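Quick one: sequence plus predicted model below, questions after.
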Amino acid sequence: MILLAAILNPMSPVQLPQFADHSRRWQENFYVYPVISRRSGGLSIGVNLNPDTACNFDCIYCQVDRTITPRVREVDLNVLRAELAHMVEHARRTDGAGLFDEAAFASVPPALRVIRDIAFSGDGEPTTCLVFPEAVQVAADVTRAAGLDDTRIVLITDACYLTRPRVVAGLAIMDANDGEVWAKLDAGTEAYYRTINKPNYPLAHVMTNIIAAARVRPVVIQSMFLRLNGVGPSAEEITAYLGRLKDILAAGGRIAYVQVYTVARRPAESTVTSLSDEEVDRIARRVIDETGLKAESYYGIAP
Ligand code: SF4
């Protein structure tokens, strides 16, 4: 089957100040936070399953502040359920006391005032959470109870643990509840992968896990490309990256589409800067032309 090829730039260049603020803290909440998300095209209710801020990667573009002492280290499912239900209700209030009446969200255009997804995306890798499947069930329960039929459950993952039995169980709950897996793939070669992600597993391990997940349902590939010390990924690196996408397809994996993005918020490491809009588009174009997949571009920090 020939896949529809298109570059979609739903919200670029970045204009809304809310896109620059992906704070994972909101008022007194422990786990749940609201984000206006470019990639979701509206309100994404974030769920941080890693309040201890531990991660198995150490990406050079990571924005998690690991100098702050965590308030909690584990996930209390009852608290998570209460925070999630409250956030959904708060986002839908129209009596002048809701989320979009707060100063930080008051300028969000009406078209974006929609709960697009509940996203497991926190201060670490969500699938390492000991109660990951239970947390997915909580998200499914809350969306169903609220009648949010068009709201997806999204897992943003570095893909290292997608074959673990409890993670597989969580993914099955997502599959039954309009779930979407967004798997990180930022490189095509082992050397570049190690430079960008500083991982605890080789690239082959990530590939095995993405392929396993993509054989069961289509996955979204999210790929961050950036400039390190002023230098972006080489054409050869992008060719190798396209090779990895082809490997997934050749192994029977399905890819819904590819998100090509760059640094949109200032990372901890000052050596990391964004690609230009044209560079992002050039990579997305190569994805489309050389793999037949759909690709979307997401641009970086305005100069
Ligand atoms: S996987 Fe995510 S949380 Fe972990 S280091 Fe990378 S960007 Fe940060």
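Okay, I see it. Numbers count the residues shown, from 1 in each chain.

and the residue in the stretch 201-303 of the chain that the ligand sits nearest to, bridged to which residues?
Closest approach of the stretch 201-303 of the chain to the ligand (Cβ to the nearest ligand atom) occurs at residue 224, with a separation of 8.2 Å. (Glycine included, C-beta is placed from N, CA and C.) On the basis of DSSP bridges, residue 224 is bridged to residue 261.

and it, what does it touch?
59, 61, 184, 186, 196, 261, 262, 263 (Cβ atoms under 8 Å, 6 or more residues apart in numbering).

Inside strands: which ones of the residues you listed?
184, 261 (DSSP state E).

any chance of the contacts of residue 224 in TSV, plus distance to residue 271, neighbour count and pLDDT?
Converted to TSV, these look like this (distance: Cβ to Cβ, whole Å; neighbours: other Cβ atoms under 10 Å; pLDDT from 0 to 100):
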residue	distance to residue 271	neighbour count	pLDDT
59	13	21	96
61	10	22	95
184	20	23	98
186	16	25	98
196	12	22	98
261	19	24	94
262	15	25	96
263	11	19	93
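
From the contacts of residue 224, list the ones also adjacent to the ligand.
The subset of those within reach of the ligand, by Cβ under 6 Å from any ligand atom, is residue 59.

Could you point out which of the contacts of residue 224 is nearest to residue 75?
residue 184 (21.4 Å; Cβ to Cβ).

Now do the contacts for the closest one.
156, 157, 158, 159, 197, 222, 223, 224.

between those residues, which is closest to residue 134?
residue 157 (17.0 Å).

Could I get the pLDDT score of that closest one?
On the pLDDT scale, residue 157 is placed at 98.

unless I'm mixing things up, it is touching residue 180, no?
No. Counting by Cβ atoms under 8 Å, residue 157 does not reach residue 180; the two are 10.9 Å apart.

Which of those two has more residues huddled nearby?
residue 157 (25 against 18; other Cβ atoms under 10 Å).

Across the sheet, point out what pairs with that one.
According to DSSP bridges, beta-bridge pairing links residue 157 with residue 183.

residue contacts, it?
Residues near residue 157 by Cβ under 8 Å, 6+ apart: 120, 125, 126, 127, 181, 182, 183, 184.

Could you say which helix or strand holds residue 44?
Applying DSSP states H and E as the criterion places residue 44 in strand 42-47.

And residue 174, by the same measure?
With DSSP H and E as the criterion, residue 174 is inside helix 165-175.

That helix: which residues count as buried?
Neighbour-count burial for helix 165-175 flags 167, 168, 170, 171, 173, 174 (criterion: 16 or more other Cβ atoms under 10 Å).

Tell me the residues of this protein that contact the ligand?
55, 57, 58, 59, 62, 64, 124, 125, 158.

Select only the buried ones of these in PyMOL?
Buried residues within those, by 16+ other Cβ under 10 Å, are selected in PyMOL with:
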select buried, resi 55+57+59+62+64+124+125+158
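
pretty sure residue 178 is touching residue 152, no?
Yes. Residue 178 is in contact with residue 152 according to Cβ under 8 Å; the separation is 5.1 Å.

can you pull out the helices in the stretch 1-150 of the chain?
Ranges of helices in the stretch 1-150 of the chain, per DSSP state H, counting those that start in this stretch, are 77-92, 132-145.

quick check, nearest of the buried residues of helix 165-175 to the ligand?
Checking the buried residues of helix 165-175 one by one against the ligand (Cβ to the nearest ligand atom), the nearest turns out to be residue 167, at 15.1 Å.

and the closest one, what does it touch?
127, 132, 133, 161.

Now for those residues: which two are most distant?
Longest span within the contacts of residue 167, Cβ to Cβ: 133 and 161, 12.2 Å.
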